[in-house]
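> Output the structure for:
(2 chains)
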Amino acid sequence: MMKAEKAARSSLTAITVIVALLIGLILIFPIIYCFLSAFKSRAEFAAYPPSLWPSSFTYLDNFATALQKTPILRFMVNSLIVSAVGSFGRILLAALAAYAFAYYDFKGKRFFFMLILGTMMLPADTLIITNYLTVARMNLLDNYLGMCITSMVGASQMFMLRQNFKTIPKSLREAAMLDGCGDFRFLAKVVLPISRPVLLTLIVQSFVSFWNAYLWPLLVTNKEKMRTVQVGIAMLTTTSDTNYTLVMAAVSIILIPSFILFIILRRNIVKGIAAGALVG
Amino acid sequence: MDTIGRGAEPLSHNRKKTSFVKACKPYLFLLPIIAFAVVFVYYPFIRTFLYSFSLVNAKGDIMGFVGFENFGQLFQNQVFGMAIKNTLFLTAMFVPLNLFFSLSCALLANKKRPLSGIYETMFTMPMAVSMPAAAMIFKILLNPTVGIVNHYLGINIGWYTDKKFAIYGILLLCLWMGLAFDFLLFLSAVRAVPEQLMESATIDGAGFFARLFRIQVPLITPTILYVVCTNIVLSMMTAGPVMIITEGGPSRSTTTLIYMMFTSGYQSSNYSQAACISVVTFLLTFGMIALAMFFERKGVYYEQ
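Alright, predicted model coming up:
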């Protein structure tokens, strides 16, 4: 009786694992397909019936062409700069505001707090046209700053940091102040280092959101050499008369750093998602 | 007495000065983020509303007030009708389907089993793929001639070229992109349900569905609400995949509101029309979120 139940349970586990693995395979199939297709020649890719596996993994022309003929490395550098500047700015602004909310009592505290959180109610996508006019008037088109300046307000980041700062005892600040430490030094030398786990999560989260942005960078860049990687990759079909295997190679190249980062920082990303849900 | 009095005066003066600086300090900390919020969130929001009631020239200057004329013109525009229909269709399909798939995957992966690390990673992998990269892959994957999906399934559907199916092609891509994120949210919610509760229910003879609908779902309603709200916003704002894969076609079958806003604002410099679309999109989204919040009051369980 016990044995039969145990056997039934373990076979149920086995079935569940197999089902889960199958679903997982379906979900990552587009990614596998992309990587495998990048190793095919144009003729091989167009052959009928289509096959999944390339005849060999030594055909690297697509990768070479993608690196030589398209400014994909330049795109990646652009994205890196925009994401670094953008996430630094967003976290800095959020940390300053969070510090004030955590340590000071002042008139209008609640109002300003709601004013910042209220930005989450207005979807950025509905504001891009008017923001475009503002940024154009500021002469920031085709400019790194222009590509990230509209997304500097991180309401959820501010909220998370405030929650975290509040857990730091106030007596610590009083002691530091008595020793002649100013607010900025206290923030930089004590508060931020203590909040490092949360800070890292928020930086990763912001970096990813800047890295993945598409609509806004598309709107504010005209010059090819200023395009971010997401804008550049989406333009490949129009520029290379739909050379599918070349597109797949280029997509593979930009996916590799994302995957490496994803694997290293997976825990932080997951924590960031859970934290974001708490704010909502 | 005298000396104390003389000494006290500059001190109190000094104190007044420092207390004034002190009173200003928190505002100085807030100034940068408030400035950015006003310039790049609230100001454009107000300006969008003003634009929608005004005549606007190609440079973005307001030339005069026209009342609801812009809206009247927009509602007569057939493309706008299609855009509303397509966007609402996408939202109506995406929100429940995504809820179903991501919750199912989370329930499937709930217990730690052998190999669970592998399939959990597989489920979350699509998160590392950005929208444009995913769009490019799907465009080729679902291509009727060279793509492999139609071949494997033995069907002949022009996923992005047939006006009957193009919107489903976009929906498929959106579902693939949205699954991983919500799966992770549900996984942590489902795992937070107390083990003893589930076990004692099982001993009492509760089956899988009884446990699901009597214990797990009620306990994770806050997460469900969050996922539903974020997905409503996400799908109402669908534009990127449309822009990259179909450019609103074929025969406008995939034109969404934000895509139409983008084309009329950016390509045609018709800013008042773009602003009207933006206002309509905002109000529709806001209305749906309000509706979801209304149901929240009735059904969401918060742990005390």
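> quick one: contacts for the residue in chain A positioned nearest to chain B?
Taking Cβ to the nearest Cβ as the measure, chain A has A:Gly24 as its residue closest to chain B, at 2.9 Å. All C-beta atoms are positioned from the backbone trio N, CA, C, and that covers glycine. By Cβ atoms under 8 Å, 6 or more residues apart in numbering or on different chains, A:Gly24 lies in contact with B:Ile118, B:Tyr119, B:Met122, B:Phe123.
> got it, and B:Gln273?
Per Cβ under 8 Å, 6+ apart, neighbours of B:Gln273: B:Asn70, B:Gln73, B:Leu74, B:Ser264, B:Gly265.
> and it, what helix or strand is that in?
helix B:271-299 (DSSP states H and E).
> If you count neighbours, what's buried in that helix?
B:271-282, B:284-286, B:288-289, B:292, B:296 (16 or more other Cβ atoms under 10 Å in any protein chain shown).
> now that helix: mean pLDDT?
Here helix B:271-299 scores 87 as its mean pLDDT.
> How far does it sit from its chain's centre?
12 Å (Cα atoms, centre = their mean, to the nearest Å).
> To which secondary structure element type does A:Gln230 belong?
When classified by DSSP: H, G, I helix; E, B strand; the rest coil, A:Gln230 comes out as helix.
> just checking, it touches A:Pro217?
Yes. Using Cβ atoms under 8 Å, A:Gln230 makes contact with A:Pro217 at a distance of 6.8 Å.
> need the contact list for the closest residue to B:Leu97 other than its chain neighbours.
Nearest residue to B:Leu97, sequence neighbours excluded (Cβ to Cβ, 6 or more residues apart in numbering or on different chains): B:Leu175, at 6.0 Å. With contacts defined as Cβ under 8 Å, 6+ apart, B:Leu175 is in contact with B:Phe94, B:Leu97, B:Asn98, B:Phe101.
> Repeat that for A:Phe75.
Counting by Cβ under 8 Å, 6+ apart, A:Phe75 touches A:Arg227, A:Thr228, A:Val229, A:Val231, A:Gly232, A:Ile233, A:Ile254.
> do the same with B:Gly249
Counted by Cβ under 8 Å, 6+ apart, B:Gly249 has contacts B:Lys163, B:Ala166, B:Thr255.
> what's the closest of those to chain A?
Using Cβ to the nearest Cβ, B:Thr255 is the member of those that lies nearest chain A, at 15.3 Å.
> tell me the SS of that closest one?
coil.
> Contacts only, for A:His133.
Wrong residue type there; residue A:133 is Leu, not His. So A:Leu133 contacts B:Gly60, B:Tyr271 (Cβ under 8 Å, 6+ apart).
> So it, which state does it fall into?
A:Leu133 falls in the helix class when you classify it by three-state DSSP.
> Distance-wise, check it relative to B:Ala275.
11 Å (Cβ to Cβ, to the nearest Å).
> What's the local residue count around residue 47?
The chain I'm using is chain A. Using other Cβ atoms under 10 Å in any protein chain shown, A:Ala47 is surrounded by 13 other residues.
> was after chain B, sorry
22.
> Was I right to think it contacts A:Thr130?
Yes. B:Arg47 sits in contact with A:Thr130 when judged by Cβ under 8 Å, with a separation of 4.7 Å.
> Let me see the contact set for the residue in chain B that chain A sits nearest to.
Closest residue of chain B to chain A, Cβ to the nearest Cβ: B:Met122 (2.9 Å). Counting by Cβ under 8 Å, 6+ apart, B:Met122 makes contact with A:Leu21, A:Ile23, A:Gly24, A:Leu25, A:Leu27, A:Ile28.
> Next: B:Leu115.
Neighbouring residues of B:Leu115 by Cβ under 8 Å, 6+ apart: A:Val17, A:Ala20, A:Leu21.
> Let me know whether the last one touches B:Tyr119 as I believe.
The one in question is A:Leu21. Yes. With contact defined as Cβ under 8 Å, A:Leu21 counts as touching B:Tyr119 (5.3 Å).
> out of the two, which sits in the more crowded spot?
B:Tyr119 (24 against 14).
> For the more buried one, identify the helix or strand it belongs to.
Element membership for B:Tyr119 (DSSP H and E) is helix B:116-124.
> And that helix, what's buried?
Neighbour-count burial for helix B:116-124 flags B:Ser116, B:Tyr119, B:Glu120, B:Met122, B:Phe123, B:Thr124 (criterion: 16+ other Cβ under 10 Å).
> ok, of the residues you listed, which one's closest to B:Ala35?
B:Thr124 (37.0 Å; Cβ to Cβ).
> Could you find the closest non-adjacent residue to the closest one?
Leaving aside its chain neighbours, B:Thr124 sits nearest to B:Ala180 (4.6 Å; criterion: Cβ to Cβ, 6+ apart).
> Count the neighbours of the one you found for me.
The number of residues packed near B:Ala180 is 21, by other Cβ under 10 Å.
> what's the helix or strand for it?
Using DSSP H and E, B:Ala180 sits within helix B:166-191.
> and after that helix, which helix or strand comes next?
helix B:195-203.
> unless I'm mixing things up, A:Ala97 is touching B:Tyr27, no?
No. A:Ala97 lies out of contact with B:Tyr27 (Cβ under 8 Å); the separation is 10.6 Å.
> and those two? which has more neighbours close in?
Neighbours were counted for A:Ala97 and for B:Tyr27 using other Cβ under 10 Å; A:Ala97 has more, 29 against 15.
> Name the residues of the strand or helix carrying A:Ala98 that are buried.
Here A:Ala98 sits within helix A:72-103, counting by DSSP H and E. Neighbour counts over helix A:72-103 (16+ other Cβ under 10 Å) mark A:72, A:75-76, A:78-80, A:82-87, A:89-91, A:93-103 as buried.
> Quickly note the distance from the spatially most central residue of chain A to A:Pro49.
The centre of chain A sits closest to A:Val208, judged by Cα atoms, centre = their mean, with a distance of 1.1 Å. Counting by Cβ to Cβ, the gap from A:Val208 to A:Pro49 is 38 Å.
> likewise B:Ala58?
With Cβ to Cβ as the criterion, B:Ala58 and A:Pro49 are 52 Å apart.
> and if you look at B:Phe89?
When B:Phe89 is compared with A:Pro49 (using Cβ to Cβ), they lie 34 Å apart.
> repeat for A:Ile203
47 Å.
> okay, those two: which has more neighbours?
A:Ile203 (19 against 7).
> Tabulate the CA atom coordinates of the one helix or strand A:Ala64 maps to in PDB.
Under the criterion of DSSP H and E, A:Ala64 resides in helix A:61-69. The C-alpha trace of helix A:61-69 is given here as PDB (Å, rounded to 0.1, in the frame of the first residue of the first chain):
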ATOM      1  CA  ASP A  61      30.600  34.200 -42.300                       C
ATOM      2  CA  ASN A  62      27.400  35.600 -40.900                       C
ATOM      3  CA  PHE A  63      29.000  36.700 -37.700                       C
ATOM      4  CA  ALA A  64      32.000  38.200 -39.500                       C
ATOM      5  CA  THR A  65      29.700  40.100 -41.900                       C
ATOM      6  CA  ALA A  66      27.500  41.300 -39.000                       C
ATOM      7  CA  LEU A  67      30.600  42.600 -37.200                       C
ATOM      8  CA  GLN A  68      32.100  44.200 -40.300                       C
ATOM      9  CA  LYS A  69      29.200  45.400 -42.400                       C
END
